[in-house]
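*Asks:* Sequence and predicted model, in that order:
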Number of protein chains: 2
Amino acid sequence: MTLALDAAAQDLLFREARTANTFSDEPVSDEQIQAIYELVKFGPTAFNQQPLRIVLVRSEEGRARLVQHMAEGNQAKTSTAPLVAILAADNEFHEELPTQLPHFPQAKDMFFSERSVRESSATLNGALQAAYFIVGVRAAGLAAGPMTGYDAAGINKEFFTDGDHSVLAVVNIGKPGDDAWFPRSPRLAYDEVVTTV
Amino acid sequence: MTLALDAAAQDLLFREARTANTFSDEPVSDEQIQAIYELVKFGPTAFNQQPLRIVLVRSEEGRARLVQHMAEGNQAKTSTAPLVAILAADNEFHEELPTQLPHFPQAKDMFFSERSVRESSATLNGALQAAYFIVGVRAAGLAAGPMTGYDAAGINKEFFTDGDHSVLAVVNIGKPGDDAWFPRSPRLAYDEVVTTV
């Protein structure tokens, strides 16, 4: 069975792409991140809600504010990656919804009047967009090092003072460095994951 | 700024890909789904936990069992799509973790002894994998129609009798049919999504 996607693209995005734990010194520009965003922004979300928000950590001060909230095992790589992105869900995404869903503006009030519903929806759809972003980083020829080992409440308070954002992942971004990855761990077999009814 | 991914692949996966609301009669084979899985299984998850489970709905009986739990506006397309996949998170993914993370088998007990922690992690990482799967459907030259409008508790009880699985999305899969999509809704601008510190 052959996919429509060419083999080189399959390798770039999935088969040869790896989560990097070390990075080279080569910088990652705003233009690269914008090119990634302009591609992956088209990935689908429910009601086109697009809850993902991204904080690029560029200053030394910002890096220090982030690293203190990372798990110990993630601090060294978060300190040294050329660029670090905080991916978060905006739990008040519904404010923009009428503009983003012009053929059904009443969705905002019909489905998203309750904060708990918004939070669940923003988490799920923000995670979809986080995955599109990781694929996009690889599409740019860069390695992504996504992490979820951190004090989430600490990051939320440190970087999102409005109380309306929830961190989903922190992603180191750059060209891989020396010994950038462990041997690849096994994946579940098709029959362990897929059943038919 | 040019991405490393070729333009045709960018179009196939993101720029020209659309959420389909109607489908042609052309069937979708198990071989196509397996080819998709064998590619997207390499997408990263935290601790390589791989919580995504997929139920392919092929029988008439299975389709009827699913459609009754879908929101009214999703019933017609779920009834007529060539293949429907239920994407769910396995909240007991930690049972397989020592095999999936051979260099750190103690992660199972260190991080995932509490069910509530497992559920949060399975939701987030299962959603990442759901997004990889949607990208994979497109990589196969097929259209995906992901939906979250359904009675989740009803689907969980109907298809996962162990009480350990949570549906994340239901995805119609096939070649697009007549009038398969609405005009594309707007995406948030880069400056509305990305900030720098």
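*Replies:* Alright, I've got the coordinates.
*Asks:* Flag the shaky bits of chain A, pLDDT-wise.
*Replies:* Under the criterion pLDDT under 70, the flagged ranges of chain A are A:1.
*Asks:* which SS state does the spatially most central residue of chain A fall under?
*Replies:* Nearest to the mean C-alpha position of chain A, by CA atoms, centre = their mean, lies A:Ala130 at 2.9 Å. Recorded secondary structure, A:Ala130: helix (DSSP: H, G, I helix; E, B strand; the rest coil).
*Asks:* ok, it to A:Val170 distance?
*Replies:* Computed with CB to CB, to the nearest Å, the distance linking A:Ala130 and A:Val170 is 10 Å. (C-beta placed from N, C-alpha, C; glycine too.)
*Asks:* How about A:Ala89?
*Replies:* With distances taken as CB to CB, A:Ala89 is found 13 Å from A:Val170.
*Asks:* mind checking which helix or strand A:Phe42 is in?
*Replies:* With the criterion set as DSSP states H and E, no secondary-structure element contains A:Phe42; it sits in neither a helix nor a strand.
*Asks:* Give the burial count for the nearest residue to it once chain neighbours are set aside, as a bare number.
*Replies:* In space, and not counting its chain neighbours, A:Phe42 is closest to B:Phe14: 4.4 Å by CB to CB, 6 or more residues apart in numbering or on different chains. Other residues near B:Phe14 number 22, with proximity taken as other CB atoms under 10 Å in any protein chain shown.
*Asks:* Pretty sure B:Phe14 sits against A:Gly43.
*Replies:* Yes. Assessed by CB atoms under 8 Å, B:Phe14 is found in contact with A:Gly43 at 6.4 Å.
*Asks:* Which residues lie in contact with the closest residue to A:Val194 other than its chain neighbours in this structure?
*Replies:* In space, and not counting its chain neighbours, A:Val194 is closest to B:Ile54: 4.6 Å by CB to CB, 6+ apart. Remark: with contacts taken as CB atoms under 8 Å, 6 or more residues apart in numbering or on different chains, B:Ile54 is in contact with A:193-195, B:33, B:37, B:85-88, B:133.
*Asks:* quick one: B:Ile54 is in a strand?
*Replies:* Yes. Counting by three-state DSSP, one finds B:Ile54 located in a strand.
*Asks:* partner residues bridging it?
*Replies:* For B:Ile54, the beta-bridge partners are A:Val194, B:Leu87 (DSSP bridges).
*Asks:* likewise A:Val170?
*Replies:* Residues found in beta-bridge contact with A:Val170 (criterion: DSSP bridges) are A:Ile86, A:Met147.
*Asks:* Can you tell me how far it is from chain B?
*Replies:* When distance is defined by CB to the nearest CB, to the nearest Å, A:Val170 is 11 Å away from chain B.
*Asks:* ok, now A:Thr123?
*Replies:* To chain B, A:Thr123 is 7 Å away according to CB to the nearest CB.
*Asks:* Now name the helix or strand holding that residue.
*Replies:* Applying DSSP H and E as the criterion places A:Thr123 in helix A:115-139.
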